[in-house]
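Visitor: Please find the sequence and the predicted model below.
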Amino acid sequence: MANTRVISPEELAAQRPFTKRIREYYEYLCPSGTPLACVRTYGCQQNVSDSERIKGMLAEMGFGFTESPDEADLILFNTCAVREHAEDRVFGNVGALKNLKRRKPHLMIVLCGCMVQQEHIAQRFYKSYPFVNLIFGTHVLYRFPELLCGVIEEQKRRVAIPNEDGNIAEGIPVHRDGSFKAWLPIMNGCNNFCTYCIVPYVRGRERSRDPEAVLQEARELVAAGYKEITLLGQNVNSYGKGEAHGVDFPELLRRINAIEGDFLIRFMTSHPKDATKELFDTIASCEKVSRHFHLPFQSGSNRILKEMNRCYTRESYLELIRYARSVMPDISFTSDVIVGFPGETREDFEQTLSLIEEVGFVSLFTFIYSPREGTPAAVMPDPISAEEKVKWFQEMTALQESLSAKRTASMVGKTVKALIETATDTFLEARLSDNIIVRVQGDPSLLGRHAMVNITEAKSWILIGEIESVL
Ligand code: SAH
Ligand code: SF4
Ligand code: F3S
């Protein structure tokens, strides 16, 4: 049995009186209208999904939402720690709130998420940014009403980053940002400890939601008209590991696929060490599961993969791709890759380039290695200069751009299924299953519908097409 602690309905219900007291406080503070919250999310879809729960709690406290910090009565930043750049942005953006707070003393400033789960960062915010009212970590999200109420009633700043690792909280209200695309978290945390990565330290150990809770939420989303459901977790392939219910990821996919309705199932992220042939066979047999797979490889060099503690080889990764294509010739792949891991040589880097060419990804998320305090890689010798790493990075992105351009050009003349996602004054944009955007002409009333689109032209990052039929 995994070390999971499910927050009981009673524990969640204990938050309700705090929600009520906050609502009353803001009714008193803003007698002429609805108080407004500005919620900014940094980082990955896990954070986006957490923010939807935070917004759900804020809505119950009586808040409406605004994109503008100037209009807000409460500003919340849900932060990310994955790279230094992500953290620098938060430091800069929080610093910029100082003047706003001076003009508007009742403004409540809240920081949460992965970055502030790190003790040294939380302390830095607490000491150097005295206008921040509340800082809370990833493990106590469900206690947000209690924490905020404490700050309001005691008129005291507060930091709450206990290491209550292993929580799963069911039943937090969700305020979804989209009306036809939904995020559905199926697990939390990570046990893999890739040597460069901070996530296991700030998100805690891997734990899976109960399959019935996931299925129930999926059924509700389909009934509410959602056309795309993305299952979320740091390593969705290991869903259910160590839990007594015995439902693994392929089985979960089969059960969600069996829900009646017109919708697409996506999932992220997958770890190659846990992606099995059974998983690809399952996707091949489930008509609602997207034929697109995000499978981060990180490096094409076996030596670096070992140093990264990724637990697979270049050969086993390529074998997975080969097998997937043998059962689904139309499957497409995207991936994450890191350049400049400590000790990476030009030879290692060339292995990464050759893997990129060999696989032919639709697109890549490319990162320059960023040392994270407390991770093993942060203390490994790193002789390659920053300038050299930037050069390699540019070489890699140029290669991928040329491969992407070839691939999109080869799509002209084909007819493909797409979800119409955005409407501007002059055109609509639809997303293909491999996340490429195609621009079409059509009526904005088609938003949220699937359509068959004939591709007529390929530009470098976008396709142009014509709607053949609406599904
Ligand atoms: N759980 C997912 C993704 C986690 S973070 C997975 O295992 O694939 C998203 C991506 O950020 C990672 O895939 C990796 O490519 C990148 N990343 C993580 N830590 C990093 C670091 N210290 N420096 C640069 N990139 C990093
Ligand atoms: Fe980080 Fe590795 Fe876990 Fe992904 S699998 S979150 S890269 S430790
Ligand atoms: Fe960032 Fe946390 Fe996601 S560190 S990438 S927001 S899990």
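Guide: Arrived safely. Ligands and ions are numbered 1, 2, ... in the order given.

Visitor: Which parts of the helix or strand where residue 100 lies count as buried, going by neighbours?
Guide: Using DSSP states H and E, residue 100 maps to helix 98-103. Within helix 98-103, the residues that count as buried by 16 or more other Cβ atoms under 10 Å are residue 101. The C-beta positions use only the backbone N, C-alpha and C, and glycine is treated the same way.

Visitor: okay, now residue 154: neighbour count?
Guide: Per other Cβ atoms under 10 Å, the neighbour tally for residue 154 reads 9.

Visitor: let's have the chain start at 43 instead
Guide: Sure thing, new numbering starts at 43, so read that last one as residue 196.

Visitor: Need the three-state assignment for residue 158.
Guide: Classification of residue 158 by DSSP: H, G, I helix; E, B strand; the rest coil places it in helix.

Visitor: Apologies, that question was intended for residue 247.
Guide: On the three-state scheme (three-state DSSP), residue 247 is labelled coil.

Visitor: what about the closest residue to residue 396 other than its chain neighbours, distance to ligand 3?
Guide: Spatial nearest neighbour of residue 396, chain neighbours left out: residue 342 (6.2 Å); criterion: Cβ to Cβ, 6 or more residues apart in numbering. Residue 342 sits 22 Å away from ligand 3, taking Cβ to the nearest ligand atom, to the nearest Å as the criterion.

Visitor: Looks like residue 342 contacts residue 398 (just checking).
Guide: Yes: with contact defined as Cβ atoms under 8 Å, residue 342 reaches residue 398; the gap is 7.2 Å.

Visitor: Looking at the two, which has the bigger crowd around it?
Guide: The neighbour comparison of residue 342 against residue 398 (other Cβ under 10 Å) goes to residue 342, with 23 against 20.

Visitor: for that one, phi and psi?
Guide: Main-chain torsions, residue 342, degrees, to the nearest 10: phi -100, psi 0.

Visitor: ok, it - contacts?
Guide: By Cβ atoms under 8 Å, 6 or more residues apart in numbering, the contact list for residue 342 reads 356, 390, 393-398.

Visitor: Please apply the same query to residue 356.
Guide: Here residue 356 is in contact with 342-344, 347, 393, 397 (criterion: Cβ under 8 Å, 6+ apart).

Visitor: among the residues you listed, which ones are buried?
Guide: 342-344, 347, 393, 397.

Visitor: on that earlier part again, so which of the contacts of residue 356 comes closest to ligand 2?
Guide: When the contacts of residue 356 are compared for distance to ligand 2 (Cβ to the nearest ligand atom), residue 347 wins out at 11.7 Å.

Visitor: My assumption is that that closest one lies in a helix; please confirm.
Guide: Yes: under three-state DSSP, residue 347 sits within a helix.

Visitor: Residue 354 is in contact with that one, correct?
Guide: Yes: counting by Cβ under 8 Å, residue 347 does reach residue 354; the two are 6.7 Å apart.

Visitor: which other residues reach the strand or helix carrying residue 326?
Guide: If you go by DSSP H and E, residue 326 is part of helix 319-327. With Cβ under 8 Å, 6+ apart as the test, helix 319-327 has contacts from 279, 291-292, 295-296, 331, 333, 335, 362, 365-366, 369-370, 373.

Visitor: Show me which residues of it are buried.
Guide: Neighbour-count burial for helix 319-327, with 16+ other Cβ under 10 Å as criterion, is recorded at 321-322, 324-325.

Visitor: Closest to ligand 3 out of the residues you listed?
Guide: For these, the minimum distance to ligand 3 (Cβ to the nearest ligand atom) is 22.3 Å, reached by residue 321.

Visitor: Run the contact check for the longest helix belonging to the chain versus ligand 1.
Guide: Counting by DSSP state H, the longest helix found in the chain is helix 428-451. No: using Cβ under 6 Å from any ligand atom, helix 428-451 stays clear of ligand 1, coming no nearer than 10.7 Å.
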